[in-house]
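S.K.: how would this look folded up:
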Amino acid sequence: MFFEAFVALRFLREGRAQTLLIFVGVGVGVGVMVFLSALITGLQASLIRQTLSIQAHVVVRPPDRAPRLLPEVDGIPVGATVEKGAQRVARIDAWQPVVDAAARVPGVVAVAPTVAGSAFAHRGPLSASVALRGVEVPSYSRIVPLQDKLIAGRAELTGSEALIGSQLAEDLGLRCGDKLQLRTTAEREDVVRVAGIFDLGNKDVNQRWVFVSLREAQSLLDLSGAISTLEVTVREPFEAERVAQEVAARTGLQAEPWTQLNRQLLVALRSQSSSSVMIQVFVVLAVALGIASVLIVSVVQKSREIGILRATGTSVRSITWIFLLEGLVVGVVGSLLGSGLGALLATLFAKMAVNPDGSATFPVDLGPALFGRAVLVAVAVGLGAAVLPARRAARLDPAVAIRHV
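M.R.: Next up is the predicted model:
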């Protein structure tokens, strides 16, 4: 193998300009692959992170009540129109065993009981329709990090205290320490004090969500010790569907993963991935054709040398390995150049496109797996593109090659 490697490197050195051009071509192709992969992967991770930063991975709620069918009269089926009943908050009674069952599912990181319902917030002549959410701050903070989202006050809910969104605070003219009247559809009301103001990065959420203690929400929504939902966070977000199925099987309740609640986001992510893959496939084809073309030209140019090697006893296998090693060297060197180029482009792009707060508009993900995949693809393409030229070189008749060249 040392002899084959020596000859392969000698062939590459003799055509330096040609070799340099193919190195640059492969490097640019690999750089485009690295740049696109880093950009798309980083953007997708950022979208998922932003989406899941304000919602649970799995939401467990009571199953929908099935309507009761009317009995037949004298053997004749009775037609019926099913109408929605009066609005009522769904409830999960004896929820502590359900929490324990969900927490034991493999992959579950945190489980938080919550109470959710509609209410009206009043402050003097001003009022707003809000989504009331009763939580236990220590457990719920493992689902949504409330402390990190605060812009004023503290993330504590003791007694009749509330956390409100920044937009609601602006609409009603509220600050920390101010009082707010809450009135629910259950005809219950209470006056709460604003303990903190949060910003969850979503205007509608900041305008509607009001957090109170779990006990306060139970009282306002007339649930008397029950809860309406369980919110679950899992270790790997894309394991949410499996976890939801297992939680539903263990508890007998309805479990909805975030992938079901955000179908449009998943469609957009899949479209981005498909576009990136198609672009990279064409880049790989262009690189492969470039390597194959250069090596075929090299076979033609080195026909006399190949004929002499064959005439002096060099085996067909060795001739084949010479050109395969050329393809391998081109793939390895091109992949290293391309990895550096792609990382540089991705880093510069992330630094140039920034948000007003200084964060990257298009974050990039330059993980080791990305570079490992790029090197493997380049090496495989280099070897694959060298197969045809290697076979052509191996089939050369030494006598004909020496006579006509």
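S.K.: C-alpha from now on. contacts and neighbour counts both.
M.R.: Fine.
S.K.: count of residues packed around L132?
M.R.: As a burial measure, L132 scores 26 neighbours (other Cα atoms under 10 Å).
S.K.: Okay, and it sits in which element?
M.R.: strand 126-135 (DSSP states H and E).
S.K.: Now do the helix or strand following that strand: which elements does it pack against?
M.R.: Sequence-wise, the next helix or strand downstream of strand 126-135 (DSSP H and E) is helix 137-140. On a contact count with 3 or more Cα pairs under 8 Å, 6 or more residues apart in numbering; DSSP states H and E, helix 137-140 meets strand 108-123.
S.K.: So for stretch 123-141, mean pLDDT?
M.R.: Computed over stretch 123-141, the mean pLDDT rounds to 91.
S.K.: residues of that stretch that come out buried?
M.R.: For stretch 123-141, the neighbour count (16 or more other Cα atoms under 10 Å) marks 123, 127-137, 139-141 as buried.
S.K.: where along the stretch 301-405 of the chain do the helices fall?
M.R.: 303-311, 316-352, 368-394, 398-404 (DSSP state H, counting those that start in this stretch).
S.K.: Out of those helices, which one sits most buried?
M.R.: Most buried of those, by mean neighbour count (mean count of other Cα atoms under 10 Å): helix 316-352, with a mean of 22.
S.K.: if we can go back for a sec, would you turn the helices of the stretch 301-405 of the chain into CSV with distance to L150 and mean pLDDT?
M.R.: Output for these, formatted as CSV (distance: least, Cα to Cα, whole Å; pLDDT from 0 to 100):
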stretch, distance to L150, mean pLDDT
helix 303-311, 74, 69
helix 316-352, 27, 83
helix 368-394, 35, 80
helix 398-404, 79, 58
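S.K.: Where does the prediction get shaky in this protein?
M.R.: Residue ranges of the chain with pLDDT under 70: 1, 64-89, 300-306, 310-311, 313, 355-361, 394-405.
S.K.: what residue lies at the spatial centre of it?
M.R.: A45 (3.9 Å; Cα atoms, centre = their mean).
S.K.: how close does it sit to V34?
M.R.: 16 Å (Cα to Cα, to the nearest Å).
S.K.: how much does the helix or strand hosting L285 deviate in direction from helix 368-394?
M.R.: Assigned by DSSP H and E, L285 belongs to helix 263-301. In terms of direction (axes from the mean of the first three to the mean of the last three Cα atoms, to 10 degrees), helix 263-301 departs from helix 368-394 by 30 degrees.
S.K.: helices or strands up against helix 263-301?
M.R.: Using 3+ Cα pairs under 8 Å, 6+ apart: helix 263-301 touches helix 16-52, helix 316-352, helix 368-394.
S.K.: Swap in 10 Å and give it another go.
M.R.: helix 2-14, helix 16-52, helix 258-261, helix 303-311, helix 316-352, helix 368-394 (3 or more Cα pairs under 10 Å, 6 or more residues apart in numbering; DSSP states H and E).
S.K.: out of those helices, nearest to A292?
M.R.: Of all the helices and strands packed on helix 263-301, the one in closest proximity to A292, counting by Cα to Cα, is helix 368-394 (4.8 Å).
S.K.: partners of A121 in the sheet?
M.R.: A128, L182 (DSSP bridges).
S.K.: ok, L230 touching A101?
M.R.: No. Between L230 and A101 there is no contact under Cα atoms under 10 Å: 11.4 Å.
S.K.: more crowded one of the two?
M.R.: L230 (22 against 15).
S.K.: List the contacts of that one.
M.R.: Residues in contact with L230 (Cα atoms under 10 Å, 6 or more residues apart in numbering) are 56, 58-62, 92, 95, 98-99, 102, 111-115, 255.
S.K.: Selection in ChimeraX covering whichever of those residues are buried, please.
M.R.: A single ChimeraX command selects the buried members of the contacts of L230 (16+ other Cα under 10 Å):
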select :56,58,59,60,61,62,92,95,98,99,102,111,112,113,114,115,255
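S.K.: Tell me which of the contacts of L230 fall in strands.
M.R.: If you go by DSSP state E, those have 58-61, 111-115, 255 in strands.
S.K.: could you dump the residues you listed to CSV with distance to G367?
M.R.: Listed next are the ones in strands among the contacts of L230 as CSV, based on distance: Cα to Cα, whole Å:
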residue, distance to G367
V58, 28
V59, 31
V60, 34
R61, 38
V111, 30
A112, 33
P113, 36
T114, 37
V115, 40
A255, 33
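S.K.: Go through those residues and say which is closest to P368.
M.R.: Using Cα to Cα, the shortest approach to P368 within these belongs to V58, at 30.2 Å.
S.K.: for the ones in strands among the contacts of L230, which one is nearest S318?
M.R.: For the ones in strands among the contacts of L230, the nearest to S318 is V58 (59.5 Å; Cα to Cα).
S.K.: Could you report the distance from the closest one to V297?
M.R.: V58 is 59 Å from V297, by Cα to Cα.
S.K.: Kindly report the same for T312.
M.R.: Counting by Cα to Cα - T312 and V297 are separated by 23 Å.
S.K.: returning to that earlier point: packing partners of the strand holding L132?
M.R.: strand 108-123, strand 161-165, helix 166-172, strand 179-184, helix 203-208, strand 209-213, helix 214-220.
S.K.: Just the C-alphas of the first one, formatted as CSV.
M.R.: As requested, C-alpha coordinates have been extracted for strand 108-123 and formatted as CSV (Å, rounded to 0.1, in the frame of the first residue of the first chain):
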residue,chain,number,x,y,z
VAL,A,108,-40.2,12.4,31.9
VAL,A,109,-38.3,15.3,33.6
ALA,A,110,-41.0,17.2,35.3
VAL,A,111,-44.8,17.1,36.0
ALA,A,112,-46.8,20.0,37.2
PRO,A,113,-50.5,20.2,38.2
THR,A,114,-52.3,23.2,36.7
VAL,A,115,-55.8,24.7,36.8
ALA,A,116,-56.9,26.7,33.7
GLY,A,117,-60.0,28.6,33.0
SER,A,118,-61.4,31.9,31.7
ALA,A,119,-61.9,35.0,33.7
PHE,A,120,-62.3,38.8,33.5
ALA,A,121,-59.7,41.2,35.0
HIS,A,122,-61.0,44.6,36.3
ARG,A,123,-59.1,47.6,37.5
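S.K.: and it with strand 209-213, angle?
M.R.: 110 degrees.
S.K.: Run the chain-centre distance for strand 108-123.
M.R.: 26 Å (Cα atoms, centre = their mean, to the nearest Å).
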